[in-house]
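> only the shape, not the letters, is given here:
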DNA sequence: GGGGTCTGGTAAAACAGTTTAGTAGTCCTG
DNA sequence: CAGGACTACTAAACTGTTTTACCAGACCCC
């Protein structure tokens, strides 16, 4: 009796019902159990401090109420605000729905040993959310069109049909173009992300160039340099841009890190961001507003992206078992569930004007 | 037969032994099973692509081969390089020993709902590693002297007996003092971490002050300001320090973020770090070497700290079940296991001299 | 009052492992 | 050659759930 934790049997005995009844009450909640019985069971649960074991719960149907978050094996990946924010969002939504988050890094042996299968089969993970996937992750092909619970967060792939959740990168590119043109810039450069590996990087660039063209501003290919999404490469890219056209008045960078690298390069040649040259970033990482001057950038709500990704996953793998809390948000759910393109939703973005943009110097205006 | 995954029974049938035998081979590895039988079973496992289910495995003894990493509910906590590096280390060691990592945030309801018990009882987590614990986390008292598998990473508490893994903060303080004194500084300030909440912050400060005193340099209390470990507060602290003594030639900051904040404050009053004033940080986060000038700082190997924390945990909860890989590192294990103070090991730290320190201007020398 | 449909439950079979207690068979010993 | 110890293996109980199939009683209808 007093040995170890209470099990479902103890609860059944305590409340004088069968163990099936207890299980029914725990799961469906509103099945064909009378109120009086339910109350009796519930108070027995309370009295015995009963906590159902997840291990045992998952066994019969091979579900663990656990989601795996997969990130690439980059150095400091965990320390990156980009990943950090998304994971935060995933975590919070998962926690609110009684799911747990398991961390997984796509190291070399991850692919070699088919770790993704192991994750699902051996660990009974209910779903996998992959952040930071790139074209290099060939194993994604295995999920092509499959109905395995796999979601790519914030990238998407034309060659494979994968479930995806994204920020609206095309709009980001357009906002940047609009902003710079409005300020009067017509001699504009661009530091792109690694477009060959990351489709969203390509989309930002394309949207930026196209929108500039709509405004009658041409951005030749030679004024687009790849900054690999890093501070260091962003610095080099800026240096290169200034060599190719020393009279640039504005630059749009595919992410904030590269923009901060660009700051350095500008300063080294005596040009001050926000005074001599306008710089727009993308992502709105914490460092952006701490920079000097604060960086004008496109705000991406990565936290919300994580939330959305997690919600999409849970809707996918657990459509029925929405208990207590699920009811709380039914009202807000409606808009989502009915959404036609819900297999690949896009999150809105917005421009945040800060100190790193200025109008072009008078002499430079066309 | 061909329905779904292979189970241990399928393997037993295929290799013509009992299911017990298969289990024995899977677990102990070197029990009293003959080589010929072992080979037969192993090849059956291979042939059937058998993967034991963790859920089922854990059920009988309530272990899941999963460790929970607990972090405080700070905004952007996941995005902090400090947490990031430690988690990386934990992850890698865990992955190499066939453990999985579960993320958990100590949100308000974490404490209210005794989530830590739920973690262990309901989720069958084998151990909990808490990063970023402070004096505010009162619930730690519940683990006081208990033998629950709970480890505090990189902080420690005098009032409770908790298992702890630490960087050597006393040495950090001493190294900073030595370095500044060697350069000739005698008029020194200090931006501390929140000493009341974080014992290691207190230790750094104490060690720094004591060592300065050994060198005959006095650091009065009014030249110690709390920077709360953040960039913003570090900036304010520096501003305050410069008000209190405008002729300071050097400042040691309790972490790199505050040091970077101090950069801003110095620049605003026209003092250039590395030229007019020497600044030493602590932690060696990635931003430290990217700063301008690169920050001289105390290197803390947080990755290795994570590794050590995880190893300590696994040694604690899984002393027996060291399979295959465990043998690989037996040689290096010896030093560790025999360690007398292994309940609270300290990781060595080192000073990395970069561009943010200079000798005091000639006029300032005493 | 025989037969159908609800209502509110229950018994028992999975699920996939671990672990305990044992048991044949062989070898050695006195 | 009986008895003990060792070797290599196995049967069966056990872990804590979910789920399927069934069942007794109440109620209603003709």
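Looks like it arrived, so ask away. What you are looking at is a predicted structure, and each value in this text was computed from that prediction instead of being measured.

> residue A:101 belongs to a helix?
No - secondary structure of residue A:101, determined by DSSP: H, G, I helix; E, B strand; the rest coil: strand, with no helix assignment.

> surely it meets residue B:102?
Yes - between residue A:101 and residue B:102 there is a contact at 6.7 Å, judged by C-beta atoms under 8 Å. For every residue, glycine as well, the C-beta is placed using N, CA and C.

> overlap in contacts, the two.
Counting by C-beta atoms under 8 Å, 6 or more residues apart in numbering or on different chains, the residues touching both residue A:101 and residue B:102 are residue A:66.

> the two: which has the busier surroundings?
Counted by other C-beta atoms under 10 Å in any protein chain shown, residue A:101 and residue B:102 do not tie: residue A:101 has more neighbours, with 23 against 19.

> that one bridge partners, please.
Per DSSP bridges, the residues bridged to residue A:101 are residue A:67, residue B:103.

> any idea how far the closest residue to residue A:275 other than its chain neighbours is from DNA strand D?
Nearest residue to residue A:275, sequence neighbours excluded (C-beta to C-beta, 6 or more residues apart in numbering or on different chains): residue A:358, at 5.9 Å. According to C-beta to the nearest atom of the strand, to the nearest Å, residue A:358 and DNA strand D sit 62 Å apart.

> next: residue A:212.
As for residue A:212, its distance to DNA strand D is 55 Å (criterion: C-beta to the nearest atom of the strand).

> ok, back up a step: what pLDDT does the residue nearest to residue A:275 get?
If you check residue A:358, the pLDDT there is 95.

> that one - how many residues pack around it?
Using other C-beta under 10 Å: residue A:358 sits among 21 other residues.

> surely it and residue A:279 touch.
No - Residue A:358 is not in contact with residue A:279 according to C-beta under 8 Å; the separation is 9.6 Å.

> confirm that the residue nearest to residue A:275 sits in a helix.
No - assessed with three-state DSSP, residue A:358 is coil; it does not lie in a helix.

> can you say which helix or strand has the closest residue to residue A:25 other than its chain neighbours in it?
Excluding its sequence neighbours, the residue lying closest to residue A:25 (C-beta to C-beta, 6+ apart) is residue A:41, at 5.2 Å. Assigned by DSSP states H and E, residue A:41 belongs to helix A:35-48.

> same check, this time on residue A:238
Using DSSP H and E, residue A:238 falls within helix A:231-244.

> show me how far that helix is from its chain's centre.
The chain centroid and the centroid of helix A:231-244 are separated by 28 Å under C-alpha atoms, centre = their mean, to the nearest Å.

> who in chain A is up against DNA strand D?
Listed as neighbours of DNA strand D in chain A under the rule C-beta under 7 Å from any atom of the strand: A:4-5, A:7-9, A:19-20, A:23-24, A:26-27, A:50-53, A:56-57, A:59-61.

> so where is the stretch 251-366 of chain A shaky, pLDDT-wise?
For the stretch 251-366 of chain A, the stretches flagged by pLDDT under 70 are A:319-343, A:362-366.

> go on, the stretch 51-200 of chain A?
For the stretch 51-200 of chain A (pLDDT under 70), the answer is none.

> please determine how far the closest residue to residue A:163 other than its chain neighbours is located from residue A:312.
Nearest residue to residue A:163 in three dimensions, chain neighbours excluded: residue A:151, at 4.7 Å (C-beta to C-beta, 6+ apart). Residue A:151 sits 6 Å away from residue A:312, going by C-beta to C-beta, to the nearest Å.

> find the residues that touch each one of the two.
A:163, A:165.

> give the burial count for the nearest residue to residue A:143 once chain neighbours are set aside, as a bare number.
Nearest residue to residue A:143, sequence neighbours excluded (C-beta to C-beta, 6+ apart): residue A:150, at 4.6 Å. Residue A:150: 21 surrounding residues under other C-beta under 10 Å.

> for chain A, what spans make up the strands?
Here chain A has its strands, by DSSP state E, at A:66-72, A:100-106, A:127-131, A:150-153, A:163-167, A:188-192, A:224-226, A:250-253, A:278-283, A:296-299, A:346-347, A:350-352.

> could you dump these to CSV with distance to DNA strand C?
Output for these, formatted as CSV (distance: least, C-beta to the nearest atom of the strand, whole Å):
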stretch, distance to DNA strand C
strand A:66-72, 16
strand A:100-106, 19
strand A:127-131, 19
strand A:150-153, 21
strand A:163-167, 26
strand A:188-192, 48
strand A:224-226, 47
strand A:250-253, 50
strand A:278-283, 43
strand A:296-299, 46
strand A:346-347, 38
strand A:350-352, 49
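
> with distance to residue B:235 added, can I get those in CSV?
Shown next, in CSV, are the strands of chain A (distance: least, C-beta to C-beta, whole Å):
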stretch, distance to residue B:235
strand A:66-72, 32
strand A:100-106, 33
strand A:127-131, 32
strand A:150-153, 34
strand A:163-167, 31
strand A:188-192, 29
strand A:224-226, 33
strand A:250-253, 25
strand A:278-283, 22
strand A:296-299, 21
strand A:346-347, 33
strand A:350-352, 21
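
> follow-up on the earlier one: how near is the residue nearest to residue A:275 to residue A:277?
From residue A:358 across to residue A:277, the span is 8 Å (C-beta to C-beta).

> could you check how far the residue nearest to residue A:163 is from chain B?
According to C-beta to the nearest C-beta, to the nearest Å, residue A:151 stands 17 Å off from chain B.

> what about that residue, how many residues close to it?
By other C-beta under 10 Å, 22 other residues sit near residue A:151.

> likewise for residue A:25?
Counted with other C-beta under 10 Å, residue A:25 comes out at 22.
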